[in-house]
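Trainee: Structure of the sequence below:
(one chain, ligands or ions: 1)
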Amino acid sequence: MSKVLIIGAGGVGNVVAHKCAQAESVFSKILLASRTKEKCDAIAQSIDHPFLATAQVDANQSNEVVALIRDFQPDIVINVALPYQDLPIMDACLETGVHYLDTASYEPPDEAKFEYKWQWEYHERYKQAGIMAVLGCGFDPGVTGIFTAYALKHHFDEIHYLDIVDCNAGNHGHLFATNFNPEINIREITQKGRYYENGQWIEIEPFSMQRSITYPDIGSRSSYLLYHEELESLVKHIPTLKRVRFWMTFSETYLTHLRVLQNVGMTRIDPVDYEGHKIVPLQFLKAVLPQPSKLGENYEGQTSIGCHIRGIKDGQEKTYYIYNNCDHAAAYREVGAQAISYTTGVPAMLGALMVLTGQWSEAGVFNVEQLNPDPFLEKLGSFGLPWHEVINQPSEFEVA
Ligand code: NDP
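Mentor: You can find the predicted model right below:
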């Protein structure tokens, strides 16, 4: 019997609220708070839970979050607002002695640069306060780190090569839309690509490394190397890694739109003068693009995200693939969301459930691969994200 405060009422917040409501014996009271209370109310109306309330909060203001926590007295805060709010919400949890969980690393608003360093700095203070922060507990980052920890625990003595592959083979019917917050998404993918090899980070031009990757039940899809935040923490926590890369699928149509938007300056994050006031072009673009939370209706097809791993077990080379496929239409039928929101919201709820039931019980700040993967993966399927393993079968990643 615990109380949860969910901050953020977008695509992911909707799924987290539905999923917490499904686990009512753990999340007996839920408060859903966000910048726009009407969005919380609309979500709450679609959920059947006896103790689900809503509130308005500007989570950039730590004191507002502190006041909300003091009033509601949650056992954990699930932060599914934007990465900019990570630090003010972590501060509020520290001040009030409440556990914290998020799905994306902090990013300063004026610099497209996500890194864990700001959040890792809280470790000693969280430890002293006897509370836990779980960082990056969506799908990627999130389940991908838990898959890797599980592989290391049960299948390998040492992991050497890791390729995280992320495919969205769905069709939402829009010419251009992003599947999670457009501002955060476009900042992420227009950065330089980066991967880790033999002790060094190698930087490449955006979208300059492409390969065809075969995804289960989907087939071959053009995939591009991106920098993704879990690479940073996995390299730190699994020191035997010789190479770690992250690949994501993009359609030609998507890339063409993105190129044009970049060429005309619409993805800029610095303020420009517009008729006497300042606007940030990317924030304006976000305002005219479809909202990720509204993409679900009529979305068809699947996502497929997994980890291709190579390493050593009992002196022998071993290959291992662990993945989940998620169907957009099934997610929509269940909770009114598309699969990207669903695959993020389910792990966020489940991570909170792990903390509240004492299965993840540490004081300090942790990335998910540092925690016991077994109880999490035991439950992941029953909450809607079944996972599968492929052992010692040839794949594109055996040789390159
Ligand atoms: P949305 O844009 O749909 O939702 C974001 C929500 O945060 C909105 O309700 C927004 O309010 C609210 N918000 C923004 N600023 C504030 C503020 N200052 N105070 C309170 N609330 C605020 O995004 P998504 O739901 O798609 O994504 C949510 C998070 O999940 C993001 O951080 C994203 O990076 C992360 N994510 C992680 C993934 C993973 O696998 N790890 C995958 C996908 C997403 P308003 O409606 O008023 O703007």
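
Trainee: Met209 reaches Lys192, doesn't it?
Mentor: No: Met209 is not in contact with Lys192 according to C-beta atoms under 8 Å; the separation is 11.1 Å. Quick note: C-beta positions are derived from backbone N, CA and C, even for glycine.

Trainee: So for the two, which residue has more residues nearby?
Mentor: More neighbours surround Met209 than the other of Met209 and Lys192, with 16 against 11 (other C-beta atoms under 10 Å).

Trainee: Backbone torsions only: list them for that one.
Mentor: Summarising the backbone geometry of Met209 under the convention degrees, to the nearest 10, its torsions are phi -120, psi 120.

Trainee: domain ranges for the chain?
Mentor: Each domain of the chain is listed here as a residue range: 2-135, 143-335+384-391, per automatic domain parsing.

Trainee: can you tell which of those domains is closest to the ligand?
Mentor: For these, the distance to the ligand is smallest for domain 2-135, at 1.8 Å, taking C-beta to the nearest ligand atom.

Trainee: Gln393 - that's part of a strand, no?
Mentor: No: membership of Gln393 in a strand is not supported by DSSP: H, G, I helix; E, B strand; the rest coil, which gives coil.

Trainee: and this structure, which residues reach the ligand?
Mentor: Within the chain, the positions lying close to the ligand (C-beta under 6 Å from any ligand atom) are 7-13, 34-36, 39, 57-60, 80-83, 85, 103-104, 138-142, 180-181, 184, 292-293, 340-341, 344.

Trainee: now those: which count as buried?
Mentor: Neighbour counting by 16 or more other C-beta atoms under 10 Å classes 7-13, 34-35, 39, 57, 59-60, 80-83, 85, 103-104, 138-142, 180-181, 184, 292-293, 340-341, 344 among the residues of the chain next to the ligand as buried.

Trainee: what residue ranges in the stretch 251-400 of the chain are flagged as low confidence?
Mentor: 398-400 (pLDDT under 70).

Trainee: all helices for it, in order.
Mentor: Counting by DSSP state H, counting those that start in this stretch, one finds helices in the stretch 251-400 of the chain at the ranges 252-263, 281-288, 328-335, 339-356, 373-380.

Trainee: quick one, the last one and helix 339-356 angle?
Mentor: The one in question is helix 373-380. Regarding helix 373-380 and helix 339-356, their directions subtend 130 degrees when assessed with axes from the mean of the first three to the mean of the last three C-alpha atoms, to 10 degrees.

Trainee: which helices and strands does helix 373-380 pack with?
Mentor: With contacts defined as 3 or more C-beta pairs under 8 Å, 6 or more residues apart in numbering; DSSP states H and E, helix 373-380 has these neighbours: helix 143-154, helix 339-356.

Trainee: OK, contacts around His172?
Mentor: 290, 295, 298-299, 328, 338 (C-beta atoms under 8 Å, 6 or more residues apart in numbering).

Trainee: Just the pLDDT at it, thanks.
Mentor: The pLDDT attached to His172 in the predicted structure is 93.

Trainee: With the one 10 residues further on instead?
Mentor: As summarised for this prediction, Pro182 has a pLDDT of 87.

Trainee: Enumerate every residue touching the closest residue to it other than its chain neighbours.
Mentor: Nearest non-adjacent residue to Pro182, counting by C-beta to C-beta, 6 or more residues apart in numbering: Lys286, 4.4 Å away. Under the criterion of C-beta under 8 Å, 6+ apart, the contact partners of Lys286 comprise 181-183.

Trainee: was I right about Lys253 contacting Asn171?
Mentor: Actually, residue 253 is Thr. It isn't Lys. No: here Thr253 does not reach Asn171: they are 10.6 Å apart, not a contact under C-beta under 8 Å.

Trainee: could you show me where the strands are in the stretch 201-350 of the chain, in order?
Mentor: For the stretch 201-350 of the chain, the strands defined by DSSP state E, counting those that start in this stretch occupy 210-215, 219-226, 243-249, 272-274, 277-279, 302-313, 316-327.

Trainee: As TSV, the ones you listed with mean neighbour count would be great.
Mentor: As requested, these are arranged in TSV below (neighbours: other C-beta atoms under 10 Å):
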stretch	mean neighbour count
strand 210-215	16
strand 219-226	18
strand 243-249	21
strand 272-274	10
strand 277-279	10
strand 302-313	22
strand 316-327	19
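
Trainee: Among the ones you listed, single out whichever gets nearest to Leu234.
Mentor: Distances from Leu234 to each of the strands of the stretch 201-350 of the chain were compared using C-beta to C-beta; the minimum, 5.8 Å, belongs to strand 243-249.

Trainee: who does the closest one pair up with?
Mentor: Taking DSSP bridges as the criterion, strand 243-249 forms sheet pairs with strand 158-168 (parallel), strand 193-197 (antiparallel), strand 219-226 (antiparallel).

Trainee: tell me the angle it makes with strand 302-313.
Mentor: Going by the same axes, to 10 degrees, strand 243-249 makes 160 degrees with strand 302-313.

Trainee: circling back: just the buried ones out of the contacts of His172, please.
Mentor: Buried, going by 16+ other C-beta under 10 Å: 290, 295, 299, 328, 338, out of the contacts of His172.
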